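Undergrad: Structure, please.
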Amino acid sequence: MKQLTNDEISKAVSTALSAPNEDISREVMTMAGIRPDNIEKAITTGSGLIAYDLQAPAKNLYPVNTPLIKSIPRIGGGTGTATNWRQVNSIVGSGFDNTGWVPEGQRAGQMSYTTSNKSVGYATIGEEDQATWEAISAGKTFEDIQARMTMRLLQKMMLKEEMAVLGGNTSLQLGTAGTPTLSASGTGATLPALSPYSVIVIALTMEGFRNSSVAAGVAGTKTIAGADGKTFVVYGGSSIKSANATQAVTLGQSLFASVTPTTGAVAYAWYVGAAGSETLQKITPLNSVAFSAPLVTGTQAASSIASVDYSTNSTAYDGLLTTALKSGSGAYVNTLATGTAGTGTVLTSSGKGSVNEIDTMLQSQWDNNQVSITCLWVNSQELKNITTKCLSSGSAPLLQYFKDPGTGEVHITAGATVDFYYNPFLNGGMKIPVKIHPQVPPGTILGYADDLPVQYQSNEVPNVCEMKVRRDYYQVDWPVTTRAQMVGVYAEEALAVYFPPALGVITNIANG
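TA: You can find the predicted model right below:
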């Protein structure tokens, strides 16, 4: 057989692989001195000579749930450093305020007013990112890197804005948490004996609760390195740590701690250990805690935390929760009793398909201001608890079955949840939706009103609150100073809550 040159072999193989006729392909390869079965064994999926099935673009598997900023009206036209308004709080009649009799031929006295000035400063919210030119080039057939980057920037900024609307805090300082009260009792616990244990507590705002964890520690202060090379400091939402309290514990006993609730706090961080060596053990939505098992190790030490109030940010605005919790707001606020340390106080059933604590809030709003919340925002835990209290053994059965008239098949649906809560304390009554919010902490219920009832028809306030915008969402494509495209997304806004009495908060709720 003729010995072929390398060029002839390459040409033969190329011809064989492209030949439509399998017999011709095998004959050509045989002429070249190549066994077809060797080619079949060599070229397999394991060789890596295969296509890569990459679905484009990237799948964004993260939640972007922002119901508050989608429901609150955004009003443009803001100017200056703050939005200001003057409000008439009440009109006071002459003589007896509720008695209007006037003798024949005489004139009534002159009524008076109570007024006040209000102001909310504008705050800027923003987020930035960048993509290198190489990344933009490499992603051309996968996704539009610049467009997708800007979209994700906007989504993240809106998530931060949602948190700001809910729990932003610029004015309600937590101060120093109270000194905890301790006790030890019981049998069968595995907490090691120590004489004494020492406990320190830190109160947390809404932001502090979301910024903190046992693993990462309580959020204090963070220095941010801006994309412009400048730095600034943000506070995480925590109070000044308390003085320590001590309690001896013998083997088998549990250690119990409680603290006087701090105005503005929705959670508490507990540091436990020998005096001077306390470390973070639990973060609870209650103002009390119990320890029955050995302490965890390797967590944040109380000694590493400066005695500074990190609860407010001067560049922020107050969110709905903060506005309601502030002293003198006029909003309904109910902090449930401490109860048994570590157990707390749960919501209670009225026995007629409602919750006593919510009923009390609705009645108080009517009795004092003739208003009602229009939505209850809750954590998944509280939705479950509300459902449990409203649907008891005396309620209608929770199983529904449907029989298909055609096939005779029976389909059963199990379970139930409360979608609406009826408020009878309003003219004609009203159904209030009960909605889960991803950021509302367990142990807290926020009642929010998006409008005022008809008796406020001449109030000149179409909305209970508005997002007053000086400059709405805008994108900045920064000048090129390096081989990367830098983008920022910002908004300049103020949350103007015109009528805080239309808000309601129930907090320090135990699970159960």
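Undergrad: quick check: domain ranges of this structure?
TA: 6-47, 67-95+111-172+317-507, 181-304 (automatic domain parsing).
Undergrad: looking at those, which is buried most?
TA: domain 181-304 (a mean of 19; mean count of other CB atoms under 10 Å). (C-beta placed from N, C-alpha, C; glycine too.)
Undergrad: ends of that one, how far apart?
TA: When the termini of domain 181-304 are compared using CA to CA, to the nearest Å, they are 23 Å apart.
Undergrad: likewise stretch 187-195?
TA: 17 Å.
Undergrad: For that stretch, give the mean pLDDT please.
TA: The pLDDT scores in stretch 187-195 average 96.
Undergrad: Surely V434 and K384 touch.
TA: No - applying CB atoms under 8 Å, one finds V434 not in contact with K384, separated by 11.3 Å.
Undergrad: Let me know the pLDDT of the residue positioned nearest the centre of the chain.
TA: With distances taken as CA atoms, centre = their mean, the residue of the chain nearest its centroid is Q439 (1.9 Å). For Q439, the pLDDT comes out at 94.
Undergrad: ditto for A12
TA: Reported pLDDT for A12: 53.
Undergrad: same thing with the one 4 residues further on?
TA: Per-residue confidence (pLDDT) for A16: 48.
Undergrad: What of the one 10 residues further on?
TA: For R26, the pLDDT comes out at 54.
Undergrad: And K389, by the same measure?
TA: So K389 comes in at 91 (pLDDT).
Undergrad: Now do the same contact list for it.
TA: Listed by CB atoms under 8 Å, 6 or more residues apart in numbering, the contact set of K389 reads L347, T348, S349, S354, V355.
Undergrad: make it 10 Å
TA: 346-351, 353-358, 418, 512 (CB atoms under 10 Å, 6 or more residues apart in numbering).
Undergrad: what's the answer for G126, then?
TA: Counted by CB under 10 Å, 6+ apart, G126 has contacts 153, 157, 160-161, 226, 473-474, 476, 488-492.
Undergrad: Let's see stretch 169-180 as PDB, backbone CA atoms only.
TA: What follows is stretch 169-180 as a C-alpha-only set of coordinates in PDB (Å, rounded to 0.1, in the frame of the first residue of the first chain):
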ATOM      1  CA  ASN A 169     -34.300  56.400  61.300                       C
ATOM      2  CA  THR A 170     -32.800  59.800  61.500                       C
ATOM      3  CA  SER A 171     -34.400  61.200  64.700                       C
ATOM      4  CA  LEU A 172     -35.300  58.400  67.200                       C
ATOM      5  CA  GLN A 173     -32.200  57.600  69.200                       C
ATOM      6  CA  LEU A 174     -32.300  54.400  71.300                       C
ATOM      7  CA  GLY A 175     -29.800  55.700  73.900                       C
ATOM      8  CA  THR A 176     -28.500  53.100  76.400                       C
ATOM      9  CA  ALA A 177     -30.400  49.900  76.800                       C
ATOM     10  CA  GLY A 178     -31.700  49.200  80.300                       C
ATOM     11  CA  THR A 179     -29.800  46.900  82.600                       C
ATOM     12  CA  PRO A 180     -31.300  43.400  82.300                       C
END
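Undergrad: ok so T360 is a helix residue?
TA: Yes - checked against DSSP: H, G, I helix; E, B strand; the rest coil, T360 lies within a helix.
Undergrad: re earlier: please list the members of the contacts of G126 that lie in helices.
TA: L153, M157, K160, E161 (DSSP state H).
Undergrad: Distance of the third one relative to V489?
TA: Okay, so that is K160. 11 Å (CB to CB, to the nearest Å).
Undergrad: same check, this time on P196
TA: On the measure of CB to CB, P196 and V489 end up 53 Å apart.
Undergrad: Q281 too?
TA: Taking CB to CB, one finds Q281 at 39 Å from V489.
Undergrad: thinking again about what came up before, what's the closest of the contacts of K389 to V214?
TA: Ranked by distance to V214 (CB to CB), the contacts of K389 are led by G512 at 22.2 Å.
Undergrad: Check the contact between that closest one and I386; I expect there is one.
TA: No - counting by CB atoms under 10 Å, G512 stays clear of I386, with 11.9 Å between them.
Undergrad: Please convert the contacts of G126 to CSV, extending it with pLDDT.
TA: Converted to CSV, the contacts of G126 look like this (pLDDT from 0 to 100):
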residue, pLDDT
L153, 93
M157, 94
K160, 95
E161, 96
G226, 93
Y473, 94
Y474, 94
V476, 94
G488, 94
V489, 95
Y490, 95
A491, 96
E492, 97
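Undergrad: Please identify which of those residues is nearest to S47.
TA: Of those, the one sitting nearest to S47 (CB to CB) turns out to be L153, at 42.0 Å.
Undergrad: for the closest one, what are its contacts?
TA: Neighbouring residues of L153 by CB under 10 Å, 6+ apart: G126, E127, E128, D129, Q475, V487, G488, V489, Y490.
Undergrad: No more questions from me, cheers.
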